[in-house]
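A.B. asks: I need the structure of the sequence given here:
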Amino acid sequence: MPDELSPVSAPGRILALDVGSKTIGRAVSDPLGFTAQGLETIRRKNKRTDFEQLERTIAEYDVREIVVGYPLHMSGAAGVQSQRMQVFAEELRRRFSLPVHLWDERLTTAQANRLLREAELSIRRRAQVVDRLAAVLILQSFMEARSNSR
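C.D. replies: Numbers count the residues shown, from 1 in each chain. Next up, the predicted model:
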């Protein structure tokens, strides 16, 4: 179930993840939590390697919170992928001792693809950056909702 918005306890960067079976799209906020910047997409290999790459990202950017895209059906119902993300989010909490939020990601990949088509990128180039852009959209949505709730 997606987390309720909680106020930021201390300023710091937020890492957003768009987790798929083959890739993990990543985006990070500025230290004050206003803007989102896409990072290189992780090509998944195995759990150990994936978490090592995430650990390096967390250390490099001094990440204080993580937002994981939470895939819901258009009706809002949770499915198998939603359950997988709940397990993934719990593993992130245990491994990194950071707050991890599940954030409704409905339509972010579709929106990312639309934006990339409008930018007239080739299909090949779109495939390379769609997960990164989806992570940026997840992070921007999370930060906007948080700032609107203050």
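A.B. asks: which other helices and strands does whichever helix or strand H101 is part of contact?
C.D. replies: Element membership of H101 [criterion: DSSP states H and E] is strand 100-104. Contacts defined by 3 or more C-beta pairs under 8 Å, 6 or more residues apart in numbering; DSSP states H and E place strand 100-104 against strand 63-70, helix 80-96, helix 123-148. C-beta coordinates here come from the backbone N, C-alpha and C atoms, glycine included.
A.B. asks: strand partners of it, parallel vs antiparallel please.
C.D. replies: Looking at strand 100-104 with DSSP bridges, its partner strands are strand 63-70 (parallel).
A.B. asks: give me the contacts around the partner strand.
C.D. replies: 2, 8-19, 28, 57-58, 82, 85, 88-89, 92, 96, 98-105, 108, 134-135, 138-139, 142 (C-beta atoms under 8 Å, 6 or more residues apart in numbering).
A.B. asks: one more pass at 7 Å, please.
C.D. replies: For strand 63-70, contacts defined as C-beta atoms under 7 Å, 6 or more residues apart in numbering pick out 2, 10, 12-19, 28, 57, 82, 85, 88-89, 92, 98-105, 108, 134, 138-139, 142.
A.B. asks: circling back: just name the most buried of the helices and strands packed on strand 100-104.
C.D. replies: Compared across the helices and strands packed on strand 100-104, strand 63-70 shows the largest average neighbour count, a mean of 23 (mean count of other C-beta atoms under 10 Å).
A.B. asks: quick one, it and helix 123-148 angle?
C.D. replies: 110 degrees (axes from the mean of the first three to the mean of the last three C-alpha atoms, to 10 degrees).
A.B. asks: what is the rounded mean pLDDT of strand 63-70?
C.D. replies: Mean per-residue pLDDT for strand 63-70: 96.
A.B. asks: CA atoms of that strand as CSV?
C.D. replies: Output of strand 63-70 as CSV, limited to C-alpha atoms (Å, rounded to 0.1, in the frame of the first residue of the first chain):
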residue,chain,number,x,y,z
VAL,A,63,20.5,9.8,-0.1
ARG,A,64,18.2,10.2,2.9
GLU,A,65,15.0,8.7,1.5
ILE,A,66,14.0,6.3,-1.3
VAL,A,67,10.8,6.3,-3.4
VAL,A,68,9.9,3.2,-5.2
GLY,A,69,7.3,3.2,-8.1
TYR,A,70,4.3,1.3,-7.0
